[in-house]
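Trainee: predicted structure and sequence below. I'll ask about it afterward.
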Amino acid sequence: MTDDSMSQAILVVGGGMSGLSAALEAAEAGFKVVLVEKNPYLGGRVAQLHQYFPKLCPPYCGLEINFRRIRSNPRIEYHTLAEVSGIEGQPGDFTVKVKQNPRFVNDKCTGCGKCSEAVTATIPNPFDYGLSQIKAAYLPHELAMPQRFVIDPSIAGTEDGQKAFQACPYGAVDLGDKGQELTFKVSAVVWAAGWTPYDPTKIEYYNFNQSPNIITNVMMERLAAPFGPTQGAIQRPGDNQAPKNVAFIQCAGSRDENNLPFCSSICCLASLKQATYVRSQLADAKVTIYFIDIRAMDRNEDFYTKVKADENVSFVKSKIALITPTEGGNLILEGENTTTGERFKAEHDLVVLATGMQPNTALNKIPYDVAYDDYGFVLGNQAIIGAGTVRRPSEVVTCVQDGTSAALKAISAARR
Amino acid sequence: MSKKVCGYICKGCGIGDALDPAKLAKAAGEQGVKEFKEHDVLCSPEGVAMIQADVDAGTNALLIAACSARVKTDEFSFGSQVLIERVSLREQVVWALSGADEEDTLMAGEDYMRMGAIKLSKSEPPTPYQLEGEVAKAVLVVGGGVAGLNAALAAAQAGSQVVLVEKEAQLGGFLGKMAKLGPQTPPYRALEDTKVDELVAQVSGLDQIKVYTGVTIDKTEGAPGNFTVTLSNGEQVRAGAIIQATGWTPYDPENLKDDLAYGSSPAIVTNVQFEEKAKTGDLSGINAIAFVQCAGSRDQNHLPYCSAFCCLVSCKQAMYVKAANPEASVYVVYKDIRTPSQSEEVYREAQRQGVIFIRRDETYPSISGSGKLTLSTKDVLLNEQVSLEDLDMVVLATGMKPNNPKVVEAPLVAFGEDQEKAQAMAAQAKADSEDWSVLNLAYRQGPNLPTLKYAMPDSHFICFPYETRRTGIYTAGTVRRPMRVSQAQSDGVGAAMKAIQAIRAAEVGCAVHPRSGDETYPEFAMQRCTQCKRCTEECPFGAINEDEKANPLPNPTRCRRCGVCMGACPERIISFKNYSVDIVGSQIKSVEVPEEDEEKPRVIVLVCENDALPVIDMAARMGKTWSPMFRFINVRCLGSVNLVWIADALSKGIDGVGLFGCRRGDDYQCHFIKGSEIANVRMSKIYETLTRLALEAERINVSEVGINEVETLMGILKTFEETIETVGPNPYKGF
């Protein structure tokens, strides 16, 4: 377990909490690690969250520590905008091909922002789930690691691209960037590619596309975030007004054999947390949480108890069957109150769909012979080591645990 | 090796336009950095090559005056033996003071140069701490249940020697007591064998794992890389790191006599008792059975938390009954069914097999009868009281308590002037703590792992779940939080990873989380120690022991390098090679204080580098500006702030001192757990000093700043600025 083993590198796919944990824990045990992330920044989904439950603390806080660990550790090299295109070999001797997509900004970038000032084109901000526009030359987010700008491919060949090129005093804009193919010889591969929020348009009866005031839980995180589209003010996207009566619909597409049959295990706590966002900002706002079961496991129960104590937050056990927008921009929810047995209609001015997590391995398979369950989650004890939400829907703490254990599995695989 | 110093000034990102490099170099020259080079873009390949050439020629101490130490770290790193001090001219001067006039901007630039230069001049390259004698590399695993067995196996497979200690006569823990395991593999419908015998055989069969059964731990002495553990059989083992995987104890059903009639009939059993029956007996005689969920869980009178496994266990046990007698009536009376992730399918399968789920409210069902039982409960879905008759058994789904003693910490007493009161508080805390131990640590701060809530031994349970507050000792499985078997398996492996890492850190001589890789460590100038015990009491990680004369006995491999001891020491005897009371004190003293009639106030702000510094960087990048009166100095943690710095600053005429750090209290964010809180306690004392000096208390500002709270930061700076303007100049200017 010394530096002698550095020749046996570990490749980690995914720079979110699971992948960061796997990469750092292995590197801090003396192993060389290559970390590959498809976004232009590290941090994954949690970088887009406003706060964590149950402490209501900013995810950047823990991320910053992890970023510092990366910065101070010469054994980790990381590649952003990079995706694995092929894996050959077996544990102990893998050859992994990685396709690095063009960033059009090289490592001479100082993060000064001159390119962004120069361009005029904007794109829907992927970091804000399209709730805002961002310049087509942009820093992905305030704490982005690396602190390096990105030029959107849509302007690379345009006059705007030229403006960015000319504005950069450091020769960092490279409009001819074609990306590159990288090849790594490694002894183990950890797959921590994370998750994608379930597509709300697939739940037809919720009419997601028919009203801007129907949003998803991940969008709500951006609405509450200080660097989000509204600088943290919770507003209805339809008219930028503060909502007075917010509905959270739990299991939107989850625990549903027509959509995601499994439970995503974080949505209950996420909605409880988001209820606190609303309530801490809007003194008179009412919140209603429509649920099947509230799943606040272990000490998170205390958080549920705390939110329940707020008189303005009510809980209705009901599966909402239909959402219909009104002309005024409100939403009519229909369902059966399973406690009273009555069918009801309720009007709300903002509806948050607590959509679940779809493993990214359900959407993009690993280019290797890997077994999955029916939902696309990676099974255990295979040549490729799954970690985090590609194995099961999990909250942050479980991802960190799982990433840490994946690191040791990778080290053991490397020894064989 | 002698120090060869050179400074480098970057002129990119607007620095060259806003500041005169010659004047910056001159200011740094006053504090010991005489030689300077400039570059248009220091982080460019050419700029880095220029520095590298100097390093190759023997320069080993670099003052890099460019951007924040949080960016361009790859470019500006030249190996651990080259000292680097970064001066954040771009963020803290050029960007943040873009609204200030030229003179004020230059004065700030010069001050930051002085502060950087004096720090570099007084710093030395680290010499990693080396334990005396051979580093113990074995991993000690305490507890031979699911988590412990998996930890032991994973550590051994990764090449480590392992000592596994189990208090029972055989390995297996609760896994060994189970009849079957719930569905674990797709399609998540069928019960599975526990395969505990295979797991135990695998562990017992490996030469690298030495197994002790029927043995507990009498005493644990030492530190990571050098633990000596005395077992109850009298043997001593050495270990480099420890994993506590001591599992759980079922909630005592005797406490449920009133609520759920436990004890009134032998047919009322707990889930653990039912499992035993399922393993050893025949269930085919059961025609009707009810499971009561949350029996003593999610209940302020019992266990307030959710035990996370009971819903799945009841689904599994319901399936046992259905397998033995498909015609049996099986009811599960619940508040919420909690079958997360893929285990939703297990719930669905139980329903498919005909198990009837009845949702109750907060009121416990009433259970009565001798012989056949009757259970009456509110069914909230039907909105009526239902009565389940002729039940052969009622199973109470009781929860889990961690097998770890609860520790209640006394309020910080080091500064308590009333020693009697302090001792009374300490005695009360001791009385509130549980009086037993797993590891029996021979540590100054007590034999147990500190706990936050519900006796769960952790410190940052969201981001860094393995971190206990005792370095090199990790917890795994249900001792840390309620979890099910599949999670405990993975958790054991993760804890083994942390243990292996801690041993390597002890070998190399560097810190573990959160200052991973830091090769500095606190050194004590013992001849000046007055045995005041503050360092030994305040260390958040219990790193420092004490001899019988109250001299501190540091254990560097237990140390996390936060500097809380350095902040605590009134005699200033504790120093790191690049961080000491003298170094920061000298930085403060190097700030130029303009005469009173110049009307240029000066405020020193000591900022926590973990959260407060990033938010300062972020604010500057976003175009926020602040008054040129502020001078920021990075500290490792607010807990490392020594009060003498504040006295130094005020006595030289600095108008105000700020301490910006992380949130404290129950939901603390301090990465060193108590640093922020300790700073706050200490500052309550400085206010008394201020009053004595006839200085206004408002000159001191202790604030909590979250890492994304740019607006909060701006508000604090604005208010502080106004306060300083209002209270006027420090009368000690010019003394």
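Mentor: Looks like it came in fine. As the structure is a prediction and not an experimental result, all values here were calculated from the model. Numbering: from 1, shown residues only, chains lettered A, B, ... in the order given.
Trainee: for the stretch 251-400 of chain B, what lies in contact range of chain A?
Mentor: Residues of the stretch 251-400 of chain B lying close to chain A (CB under 8 Å from any CB of the partner chain) are B:298, B:304-308, B:336-345, B:348, B:359, B:380-383. The C-beta positions use only the backbone N, C-alpha and C, and glycine is treated the same way.
Trainee: filter those down to the buried ones, PyMOL style.
Mentor: To isolate the buried members of these in PyMOL, using 16 or more other CB atoms under 10 Å in any protein chain shown:
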select buried, chain B and resi 298+305+306+307+308+336+337+338+339+340+341+342+343+344+345+348+359+380
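Trainee: so which of the residues of the stretch 251-400 of chain B next to chain A are in strands?
Mentor: Within those, residues falling in strands by DSSP state E are B:Arg359.
Trainee: OK, contacts around residue 29?
Mentor: This is for chain A. A:Ala29 makes contact with A:1, A:407, A:411, B:497, B:500-501, B:504 under the criterion CB atoms under 8 Å, 6 or more residues apart in numbering or on different chains.
Trainee: right idea, wrong chain: chain B
Mentor: B:36, B:117 are the contacts of B:Gly29 under CB under 8 Å, 6+ apart.
Trainee: tell me the secondary structure for the closest residue to B:Pro250 other than its chain neighbours?
Mentor: Of all residues not flanking B:Pro250 in the chain, B:Val272 sits nearest, at 4.7 Å (CB to CB, 6 or more residues apart in numbering or on different chains). B:Val272 falls in the helix class when you classify it by DSSP: H, G, I helix; E, B strand; the rest coil.
Trainee: do the one 10 residues further on as well
Mentor: For B:Asp282, the secondary structure call by three-state DSSP comes out as coil.
Trainee: which helix or which strand is home to A:Thr324?
Mentor: For A:Thr324, the element it lies in under DSSP states H and E is strand A:320-325.
Trainee: so where do the helices sit in chain A?
Mentor: A:17-28, A:59-71, A:114-118, A:153-156, A:159-167, A:217-224, A:267-281, A:300-308, A:360-363, A:396-415 (DSSP state H).
Trainee: the stretch 401-550 of chain B now?
Mentor: With helices called from DSSP state H, counting those that start in this stretch, the stretch 401-550 of chain B shows them at B:419-432, B:485-508, B:534-538.
Trainee: just want the most central residue of chain A.
Mentor: Taking CA atoms, centre = their mean, the centroid of chain A lies closest to A:Arg45, which sits 2.0 Å from it.
Trainee: got a list of what residue 353 touches?
Mentor: Picking chain A for this. A:200, A:203, A:206, A:208, A:214-217, A:249, A:252-253.
Trainee: um, chain B though
Mentor: Contacts of B:Gln353 by CB under 8 Å, 6+ apart are B:318-319, B:322, B:326.
Trainee: need the pLDDT of it.
Mentor: You'll see B:Gln353 listed with a pLDDT of 98.
Trainee: any idea how far it lies from B:Ile473?
Mentor: Using CB to CB, to the nearest Å, we find B:Gln353 at a distance of 44 Å from B:Ile473.
Trainee: care to break chain A down by domain?
Mentor: A:3-101+A:179-196+A:358-415, A:114-167, A:199-355 (automatic domain parsing).
Trainee: out of these, deepest packed?
Mentor: Using mean count of other CB atoms under 10 Å in any protein chain shown, the stretch among the domains of chain A with the largest mean neighbour count is domain A:3-101+A:179-196+A:358-415, at a mean of 22.
Trainee: need the winner for burial among the helices of the stretch 401-550 of chain B.
Mentor: Comparing these by mean neighbour count (mean count of other CB under 10 Å), helix B:485-508 comes out on top with a mean of 27.
Trainee: quick one: mean pLDDT for it?
Mentor: Helix B:485-508 comes out at a mean pLDDT of 97.
Trainee: counting by contacts, list what it packs against.
Mentor: Judged by 3 or more CB pairs under 8 Å, 6 or more residues apart in numbering or on different chains; DSSP states H and E, helix B:485-508 is in contact with helix A:17-28, helix A:396-415, strand B:139-142, helix B:146-157, strand B:241-244, strand B:473-475.
Trainee: sorry, back to before: ok, the contacts of A:Ala29 vs B:Ala697, which is closest?
Mentor: B:Gln501 (45.0 Å; CB to CB).
Trainee: in contact with that closest one, which residues?
Mentor: Residues counted as contacts of B:Gln501 (CB under 8 Å, 6+ apart) are A:25, A:28-29, B:512.
Trainee: helices - which of the contacts of B:Gln353 land there?
Mentor: Using DSSP H, the subset of the contacts of B:Gln353 located in helices is B:318-319, B:322.
Trainee: need those in JSON lines (columns: neighbour count).
Mentor: Shown next, in JSON lines, are the ones in helices among the contacts of B:Gln353 (neighbours: other CB atoms under 10 Å in any protein chain shown):
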{"residue": "B:Ala318", "neighbour count": "26"}
{"residue": "B:Met319", "neighbour count": "22"}
{"residue": "B:Lys322", "neighbour count": "19"}
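Trainee: redo these as JSON lines? Include pLDDT.
Mentor: Putting the ones in helices among the contacts of B:Gln353 into JSON lines (pLDDT from 0 to 100) gives the following:
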{"residue": "B:Ala318", "pLDDT": "98"}
{"residue": "B:Met319", "pLDDT": "98"}
{"residue": "B:Lys322", "pLDDT": "97"}
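Trainee: let me know the closest of those residues to chain A.
Mentor: Nearest to chain A, judged by CB to the nearest CB, of the ones in helices among the contacts of B:Gln353 is B:Ala318 at 16.7 Å.
Trainee: quick check: the closest one touching B:Val355?
Mentor: Yes: in this structure, B:Ala318 is within contact of B:Val355 by CB atoms under 8 Å, at 4.4 Å.
Trainee: identify the contacts common to the two.
Mentor: Joint contacts of B:Ala318 and B:Val355 (CB under 8 Å, 6+ apart) are B:330, B:332.
Trainee: list the contacts of residue 342.
Mentor: No chain in the question, so chain A it is. A:Glu342 neighbours (CB under 8 Å, 6+ apart): A:Glu336.
Trainee: I was after chain B.
Mentor: Counting by CB under 8 Å, 6+ apart, B:Gln342 has contacts A:262, A:373, A:375, A:377, A:392, B:186, B:188.
Trainee: recalculate using a threshold of 6 Å.
Mentor: By CB atoms under 6 Å, 6 or more residues apart in numbering or on different chains, the contact list for B:Gln342 reads A:262, A:392, B:188.
Trainee: just A:Ile76 next, same as before
Mentor: A:23, A:27, A:33, A:70.
Trainee: try 8 Å this time
Mentor: A:23-24, A:27, A:33-35, A:70.
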